[in-house]
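*Asks:* return atomic coordinates for the entry below.
(5 chains, ligands or ions: 5)
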Amino acid sequence: MKFLNKIIFFFYREYKLNLSGFQDILTNIIFFFVSILIFIFSIGPDEEVISLIGVGIVWALLLLSSTLSLKKFYQDDFENGNLLIIHLNGFSFGFIAILKTISHFLFVQIPFLLSIPIACIILNISDDKFFYLLTSFSMGSLTLSCLGSISSSMNLMNHRNYLLGSVIVMIFSVPIIIFSIGIINIEQNFNSLINILFGILLIVFAINPWASGLCLKLSLENN
Amino acid sequence: MKFLNKIIFFFYREYKLNLSGFQDILTNIIFFFVSILIFIFSIGPDEEVISLIGVGIVWALLLLSSTLSLKKFYQDDFENGNLLIIHLNGFSFGFIAILKTISHFLFVQIPFLLSIPIACIILNISDDKFFYLLTSFSMGSLTLSCLGSISSSMNLMNHRNYLLGSVIVMIFSVPIIIFSIGIINIEQNFNSLINILFGILLIVFAINPWASGLCLKLSLENN
Amino acid sequence: MKFLVNPSKFNEIADYIFKPVLILSVILFALGLLFSFYLSPDDYQQGSTVRIMYVHVPSAWLALLTYAVMTLYSIAALAFRIPFGFIFNTAVAPIGAVFTLICIISGSLWGKPMWGTWWVWDARLTSVAILFIIYLIIIFMNLSFENRIVREKVVAIFILVGSVNLPIVKFSVDWWNTLHQPATISKLSKPSIDPSMLTPLIIMTFAFMMIGIAIAILRIKTEIISRKSNLS
Amino acid sequence: MIIVKDLSVERLDKRIFENINLSLASSDITILKGNNGSGKTTLLKTILNIIEPSVGSIYWKGKLLKKNLYDFYSNVTYIADRTSSLTRLTVKDNINIWKKIFLSNINDSQIETALKTLRLENYLNQKVGRLSLGETKKLELLRLIIENKKLWILDEPLSNLDEHSIELIKQTFEDHCSKDGSIIFSSHQNPGIYVTEEINL
Amino acid sequence: MIIVKDLSVERLDKRIFENINLSLASSDITILKGNNGSGKTTLLKTILNIIEPSVGSIYWKGKLLKKNLYDFYSNVTYIADRTSSLTRLTVKDNINIWKKIFLSNINDSQIETALKTLRLENYLNQKVGRLSLGETKKLELLRLIIENKKLWILDEPLSNLDEHSIELIKQTFEDHCSKDGSIIFSSHQNPGIYVTEEINL
Ligand code: HEM
Ligand SMILES: Nc1ncnc2c1ncn2[C@@H]1O[C@H](COP(=O)(O)OP(=O)(O)OP(=O)(O)O)[C@@H](O)[C@H]1O
Ligand SMILES: Nc1ncnc2c1ncn2[C@@H]1O[C@H](COP(=O)(O)OP(=O)(O)OP(=O)(O)O)[C@@H](O)[C@H]1O
Ligand SMILES: [Mg+2]
Ligand SMILES: [Mg+2]
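*Replies:* Residues are numbered from 1 along each chain as shown, chains lettered A, B, ... in the order given. Ligands and ions are numbered 1, 2, ... in the order given. The predicted structure is shown next:
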């Protein structure tokens, strides 16, 4: 009971923090729409082409903009010592990683999810595809949150090169993209592809606490 | 003479801060390629479509990279007090803004510029377009640097209303990008469009020192 | 075979074989160039551009081979706690990257006359591009982490995960229909290539391999030394 | 409560300190002294099991601390040498967050009096980033009261404080000890706080 | 050199201090004392023309400081209460950057001896983020020697330092005054540094 309360208040804290960093989320969303605009301009008004590659564009942009928020994942809490306080408050590092991943998903990715319907309208994506897009994206974005957690905890140890983390996340997300786009284009195979996506999600989700936890522990030790 | 030396060493400092070596530039370039890769995976390898939106991809990525680095523009130096030290060292705030903008252009945007030729090969952008792309890109990215300077110095001032800054960059960058893409698609109008771009650049470049300088002064006063 | 896992044994053997390997590689290279430029015929379709093959194919094979060996060493290092595996991976990754780069450059030089473009996004080329990026990430990870013990493990795990890409590179031409040449030589039963082309190809492959080994020996030795000096 | 035996710590292959012994019973106050870089912070972090010692062991309530980690953590308040309040939030928000995540059962009037004695009552709606250095430190020390734990591990709690606040800290320390609490703290100055043990690093 | 007349400062519509008068000639040392939040840092920043005073004026060499700003700046070293070294770079890199941007004509052997007396000579290749708190502070104080200016404006230069380093600072202060330099610093403690004027905020 006490532990559960602590978890709830962890999320309360994240909520407060993210609210004050609401700018970042909105920046991401604006970036998203401006880029869509750019694509529409460079393609020209040809509706067919737009709706053909619309889904792909949405996915690529989602991926890129979630790497935008990667840096804040652990960095701030690490530098001002809050990570340590939370650990001393009874959460193991692995568990912190899980909570952080979930709160990243809740407070960064979900707001994004909300912007997808609008993107679909702009890009002429048909309603039935919209459903697939939403399903695949909500799974894919949780996977991305896990990958983000791993890479940004690794970045704590490596003060130099924060883009490296993003590059690694992007490389690993290539299969996710391939499968997600596959879902949308080959509708009959929907279930099997969703299963694959779900499998990837499970694997990454299982690796995340230990990989991130180890990195967090080591980086606190060396700080 | 002394002043010139100080300017040179300002850039030396920025260099040290931004690039801890050649590998950082390379990571930038890799990031660029992997992003292109992501787009290609999600759009599909159809050559015609790719060369159609190739320019759009390059621009979207440029915008991404400049928003990615926006936060680092003044934030770090502001928070650890270096901005003040540099000011006490004899640079007015407006001048600091100019220097910072140039060094942002040099150390963040130029590495991307370097990767454009290769991006053109990969994205099947034809050789004659390449020249237009490079011209418009180098102008546009300097404009983006100026806008970035203004918006991130505004961000320092009001911790609350951050949104303003990023929105300004994004919104102002839309016409620039549209003109630049226009340059590539409508080749006959090249000169007049380039003139417009150049005009925008001049205006923004002229406003930048005073707008950013004022913001820097006010934010230091309120810190 | 202990020298393959033990640094000091490796140093001993390496001192012995370094010079012979170097000499051999020079000889093979001279021979290979001679064969590929003078003693092999033009292709009836491709003309003399076919000679790019004698650089392209060996470097492609070696890029794959290097990664495969690195994967083996990663397994050895992680599962059997053989630290030499870490040393090997750190030392050899740049060599693999260079082979991949040669493969890509020669391939696109070949592609311009054959396909009309430098680059297409078919499965083979894309997977090779990813192989190259993986190599680069390995190199950068080696450069940018400070804590050596963590870094080695992270890199080894990364190599293992990245090895998924190898079969994709190898079999992509069979799995998806692409522009790229399907396997002609490595078909086990009967190579569908003329012996006059096969000879220089094999000679060049061995020449590349010997050069690779020579550089690897040098790099592994310096790596061993730098680790020793770091500990003291 | 805590017994430290023959502790040695290395960082980046450099020996920081060797053979430190320490034992802390309830109602004890231990002060760590030593030059800059002598390893006070390192020792405190080692006791908290954040840094692995190269030799030696630490016992908590008779058992190895490592085996008993979360019980230990639930009894300890650590205040580091750099402040950890969230600078973008207001003082009030910070206090609220702490109260919640530490599941503190302290009531509002207690906090109010604490704020008043610390002379922070007028800053409730000010961003922490705009407090003065000493005010930030005092706010940080408020965590001692909010968390309400047995063992306090404090890294330079007295630096940047004015005399009035130091006097206050002194009283709080005495108060805590009279309630069976115990304290380890590091400091370069010691303006008359009674300590049971002094360790020189 | 500096004369402050009837200075009052407001921040966020709150009066921080009123009617401060101060005059500093060469070879003078002025100490600012006062409780936390009494406005020491604010006063120093006002003198540096970063904060606008609501009433009052500041003179530098007889002229209004505002009219003569960059001449003033070229004669002053300011060390803030929070450290400003670049934590991701090594100690050596930091020193090099400072030497360059301040166009310092100090030579390497001088820096070496300074590092030695500060006991920092072994940390040249360590990241600043990994130094101990006191070591970071000492590194920051090295700027006094590198910049080599007439007027030093220091915000809590003595906090977090051990006795040896404070002794060193004391000597450096005396040395500076004997060379016609002058110093304003704020501090909560004053372990025997001779001051010409003490201002209580
Ligand atoms: C940048 C472009 C290219 C890349 C990245 C590339 C990559 C590769 C790779 C990785 C292999 C080794 C595969 C294996 O071992 O089975 C290979 C083999 C080969 N490539 Fe390419 N290639 C490129 C362009 C070309 C072009 C343009 C041609 C000729 C039209 C070509 C002809 C061949 C041939 C004949 C082989 C030998 C296949 C075999 O016998 O197994 N490649 N290439
Ligand atoms: N992450 C780290 N890696 C390597 N060495 C470190 C690290 N952190 C601190 N050190 C070194 O360990 C030594 C002890 O540091 P520590 O912070 O424990 O000193 P301290 O006694 O707290 O000093 P101070 O009084 O200045 O706070 C210092 O020499 C410091 O440079
Ligand atoms: N940016 C700001 N905006 C509004 N008020 C501020 C700001 N900075 C500081 N203050 C307030 O001004 C008062 C004086 O702050 P100042 O930092 O000058 O105190 P100080 O004397 O240096 O204290 P300390 O001894 O703790 O360093 C404090 O009450 C503080 O809360
Ligand atoms: Mg300390
Ligand atoms: Mg102060």
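*Asks:* show me which residues of chain A sit near chain D.
*Replies:* Proximity of chain A to chain D, by Cβ under 8 Å from any Cβ of the partner chain, involves residues A:2, A:5-6, A:9-10, A:12-13, A:16-17, A:20-21, A:80-82, A:84-90, A:220-221. No exception for glycine: its C-beta is placed from N, CA and C like everyone else's.
*Asks:* quick one: which of these sit in helices?
*Replies:* Among these, DSSP state H puts A:2, A:5-6, A:9-10, A:12-13, A:16-17, A:20, A:82, A:84-88, A:220-221 in helices.
*Asks:* any weak-confidence spans in chain A?
*Replies:* Counting by pLDDT under 70, chain A has low-confidence residues at A:19-24, A:45, A:159-162, A:184-189.
*Asks:* D:Ile183 is in contact with D:Glu174, correct?
*Replies:* No: at 10.1 Å, D:Glu174 and D:Ile183 do not qualify as touching, with contact defined as Cβ atoms under 8 Å.
*Asks:* for the residue most central in space within chain D, which residues are in contact?
*Replies:* Computing the C-alpha centroid of chain D and ranking residues by Cα atoms, centre = their mean puts D:Leu154 first, at 2.2 Å. Residues in contact with D:Leu154 (Cβ atoms under 8 Å, 6 or more residues apart in numbering or on different chains) are D:Tyr78, D:Ile79, D:Ile183, D:Ile184, D:Phe185, D:Ser186.
*Asks:* okay, D:Glu174 and D:Ile183: which has more neighbours?
*Replies:* Legend: neighbour count by other Cβ atoms under 10 Å in any protein chain shown for D:Glu174 and D:Ile183, higher for D:Ile183 (24 against 13).
*Asks:* least trustworthy helix or strand in chain C by mean pLDDT?
*Replies:* Ranked by mean pLDDT, DSSP states H and E, the weakest helix or strand in chain C is helix C:165-175, scoring a mean of 82.
*Asks:* please point out which parts of the helix or strand following that helix sit buried.
*Replies:* Moving toward the C-terminus from helix C:165-175, the next helix or strand (DSSP states H and E) is helix C:195-231. Buried residues in helix C:195-231, counted by 16 or more other Cβ atoms under 10 Å in any protein chain shown: C:197, C:199-217, C:219-221, C:223-224.
*Asks:* helix C:195-231 near chain A anywhere?
*Replies:* No: Helix C:195-231 stays clear of chain A (Cβ under 8 Å from any Cβ), getting no nearer than 16.0 Å.
*Asks:* and that helix, what does it pack against?
*Replies:* Helix C:195-231 is packed against helix C:7-34, helix C:53-79, helix C:84-115, with contacts defined by 3 or more Cβ pairs under 8 Å, 6 or more residues apart in numbering or on different chains; DSSP states H and E.
*Asks:* and these: which comes nearest A:Leu147?
*Replies:* For A:Leu147, the closest of the helices and strands packed on helix C:195-231 is helix C:53-79, at 20.3 Å, according to Cβ to Cβ.
*Asks:* taking helix C:195-231 as reference, get the angle to that closest one.
*Replies:* 40 degrees (axes from the mean of the first three to the mean of the last three Cα atoms, to 10 degrees).
*Asks:* circling back: now, of the residues of chain A next to chain D, which are buried?
*Replies:* Among the residues of chain A next to chain D, those classed as buried by 16+ other Cβ under 10 Å are A:6, A:9-10, A:13, A:16-17, A:20-21, A:80-82, A:84-90, A:220-221.
*Asks:* shaky segments in chain C?
*Replies:* Flagging of chain C using pLDDT under 70 yields the residue ranges C:1, C:43-47, C:175-179, C:183-193, C:230-232.
*Asks:* any idea which residue sits dead centre in it?
*Replies:* The residue lying closest to the centre of chain C (Cα atoms, centre = their mean) is C:Ala63, at 2.4 Å.
*Asks:* surely it is in contact with C:Thr100?
*Replies:* Yes: with contact defined as Cβ under 8 Å, C:Ala63 counts as touching C:Thr100 (4.1 Å).
*Asks:* secondary structure element holding the closest residue to D:Thr136 other than its chain neighbours?
*Replies:* In this structure, D:Thr136 finds its nearest non-sequential neighbour in D:Thr83, 5.0 Å apart by Cβ to Cβ, 6 or more residues apart in numbering or on different chains. Assigned by DSSP H and E, D:Thr83 belongs to no helix or strand.
*Asks:* check the gap between the residue in chain C positioned nearest to ligand 4 and chain D for me.
*Replies:* Chain C approaches ligand 4 most closely through C:Glu146 (21.4 Å), counting by Cβ to the ion. Applying Cβ to the nearest Cβ, to the nearest Å, the value for C:Glu146 to chain D is 9 Å.
*Asks:* now do the SS call for that residue.
*Replies:* coil (DSSP: H, G, I helix; E, B strand; the rest coil).
*Asks:* these two touch, right, it and A:Asn158?
*Replies:* Yes: the criterion here is Cβ under 8 Å, and C:Glu146 meets it with A:Asn158 at 7.1 Å.
*Asks:* these two: which is more packed in?
*Replies:* Looking at C:Glu146 and A:Asn158 with other Cβ under 10 Å, you find the greater number of neighbours at A:Asn158, namely 22 against 14.
*Asks:* roughly how far apart are that one and C:Arg151?
*Replies:* In this view, A:Asn158 and C:Arg151 are 8 Å apart by Cβ to Cβ, to the nearest Å.
*Asks:* mutual contacts of these two, please.
*Replies:* Here A:Asn158 and C:Arg151 have C:Met141, C:Phe145 as joint contacts, going by Cβ under 8 Å, 6+ apart.
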